[in-house]
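>>> Return a 3D structure for these sequence lines:
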Amino acid sequence: DNVEALSNLGVVLARLGRTDEAITAYRGALKRSPSQQAIRLNLGLALYKAARFEEAAGEFAAVVSAQPVNLQARYLEADCQLRLGRPEAVVTLLEPLAATRSDDRVLAYLLGMAYLRTQQPQKGQVLVDRILRNGDSAEARLLMGMAKRAVQDLAGGLEDLARAVALNPELPGVHALYGQALLETGNRDRAVVELEAELARNPSDFEANLVLGMLAKEDQAFEKARGYLSRAIAMRPGNLSARFQLAAIHVSLGETEQARTMLEAIVGEAPTFIEARVSLATVYYRLKLKDLGDKERAVVDQLNREAQARQPGAAPSLSQPPR
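The predicted model follows:
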C-alpha cells in the first residue's frame, strides 16, 4: 500500500522496458492516491510508449485539468490527439497559448500540424515562419511540405518533405508523409520504402499502416494487408477508410458474412459513402439477398445523380470517407 514504492516500481519497470507492468504499478499508486499528478503523468507516458494513445490522452488531460500550466502534459495530450486523427482538439488545446509563447517551437510545430490538418494553411504558414526564424529545420520543412500538398503543389511539397527527411530522419511522421507525397507523384516503389522506414521507427504510425495496407491489397497480398489495416484500426477504431479497406479484403477473399457486418456498420455511419454501398450490394448478391442488393444499387444510383447535379457536366465519382 506504499504509494511512493509503487510509483518508484513503475519507474523502474518502465526503464526496464516492462511497460505493461509499469502501467499496473502506476495505476496501483493512483488508486491509493488519485491526486498525485506526477504519477498520473508517468502513467500517461507509459501508455504513450505502449501506443495506447486514447488512454494516454485521458491521463494527460486529467493532469492538465488539475495543473493548467503543466506544458509537458498539455503538449503530450496534443500529440496524442494528432496521432488519433483529432487535429481540432489540438487547436482547442494549444491555440490559447500561441499569443504568449511566440518562441516556443514545440507549440508552433504541434499547432502548425493541427492547422494544416484542419485546412487552415494560412495560420499554419505563420507558425512555419516562426520556426524558420531560428534557421532551417526538419519541423519547418515538414510543415511547409504539408502546406504545399494542401494547395496541390505536389512537386513543391515533395521537395520540402525530402529536405525534412534529410535534416532529421528520426522526426516522427516524416517518412510517412514523404512516402505519401512520393505516391501522389507516381513513385510507388520509393513510397513503399519510406512508409516501411516510418514503421521501422514508429510501428504505431496510422498513416503508414493504412497506406501500406491499401498498397498490399492492390497487390493482392491480402494477409499482409490485413496485418497493416488491423494495426491501423486498433489505433483509430472509428476510421472509415481503414475499416472499408479491411472489409474489401473480406469481399476479395469470399468472407461474405464478415464483409457484410463491417459494410453495414460503415454505411450506417456514412450513408453517402458510395464505394461502401457498392461493395455491400455485391455482398448481398453473393449471399442471394437480391432484394437487399437491389435496394443498395438504387441508393447508389440516387447518390450518383445527386453528385452529378452538384457538378453539372462532371462524371459521377465515388466518394471517399474522411481519414
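>>> Out of the helices and strands in the chain, which is least certain?
Every helix and strand of the chain was ranked by mean pLDDT, DSSP states H and E. The lowest is helix 121-132, at a mean of 86.
>>> Could you pull out the buried residues of that one?
Neighbour counts over helix 121-132 (16 or more other C-beta atoms under 10 Å) mark 121, 123, 124, 125, 127, 128, 130, 131, 132 as buried. Backbone N, C-alpha and C define where each C-beta goes, glycine included.
>>> next one: the helix or strand following that helix to chain centre, how far?
As assigned by DSSP states H and E, the chain's next helix or strand after helix 121-132 is helix 138-150. Put simply, helix 138-150 sits 17 Å off its chain's centre (C-alpha atoms, centre = their mean, to the nearest Å).
>>> Counting neighbours, which bits of helix 138-150 end up buried?
Buried, per 16+ other C-beta under 10 Å, within helix 138-150: 138, 139, 140, 141, 142, 143, 144, 145, 146, 147, 148, 149.
>>> the helices in the stretch 201-323 of the chain, which residues?
Using DSSP state H, counting those that start in this stretch, the helices of the stretch 201-323 of the chain run over 206-218, 222-235, 240-252, 256-269, 274-286, 290-310.
>>> of all those, which lies closest to residue 20?
The closest of the helices of the stretch 201-323 of the chain to residue 20 is helix 222-235. By C-beta to C-beta, the value is 15.7 Å.
>>> Show me what the closest one is packed up against.
If you count contacts as 3 or more C-beta pairs under 8 Å, 6 or more residues apart in numbering; DSSP states H and E, helix 222-235 packs onto helix 206-218, helix 240-252.
>>> So what touches it?
By C-beta atoms under 8 Å, 6 or more residues apart in numbering, the list of residues contacting helix 222-235 from outside reads 51, 53, 83-84, 203-204, 206, 209-210, 212-217, 239, 242-243, 245-246, 249, 252-253.
>>> separation between residue 73 and residue 61?
Taking C-beta to C-beta, to the nearest Å as the measure, residue 73 falls 8 Å from residue 61.
>>> Of these two, give the one with the bigger neighbour count.
Using other C-beta atoms under 10 Å, the more surrounded residue of residue 73 and residue 61 is residue 73, with 24 against 19.
>>> Quick check: which element contains the more buried one?
helix 71-83.
>>> Tabulate the CA atom coordinates of that helix in CSV.
Presented in CSV, the C-alpha positions along helix 71-83 are these (Å, rounded to 0.1, in the frame of the first residue of the first chain):
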residue,chain,number,x,y,z
LEU,A,71,3.0,22.4,-20.6
GLN,A,72,4.5,18.9,-20.8
ALA,A,73,1.2,17.3,-20.1
ARG,A,74,-0.6,19.7,-22.5
TYR,A,75,1.9,19.0,-25.3
LEU,A,76,1.7,15.3,-24.8
GLU,A,77,-2.1,15.4,-24.9
ALA,A,78,-1.9,17.4,-28.1
ASP,A,79,0.5,14.9,-29.6
CYS,A,80,-1.8,12.0,-28.7
GLN,A,81,-4.8,13.8,-30.3
LEU,A,82,-2.8,14.3,-33.5
ARG,A,83,-1.9,10.6,-33.6
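>>> which sections of the stretch 201-323 of the chain are below the confidence cut-off?
312-323 (pLDDT under 70).
>>> hmm, try it at 50
Scanning the stretch 201-323 of the chain for pLDDT under 50 picks out the ranges 315-323.
>>> which of the contacts of helix 222-235 are buried?
Using 16+ other C-beta under 10 Å, the buried ones in these are 51, 53, 83-84, 204, 206, 209-210, 212-217, 239, 242-243, 245-246, 249.
>>> picking that back up, out of the buried residues of helix 138-150, which is nearest to residue 43?
Ranked by distance to residue 43 (C-beta to C-beta), the buried residues of helix 138-150 are led by residue 139 at 27.9 Å.
>>> what about residue 179, neighbour count?
28.
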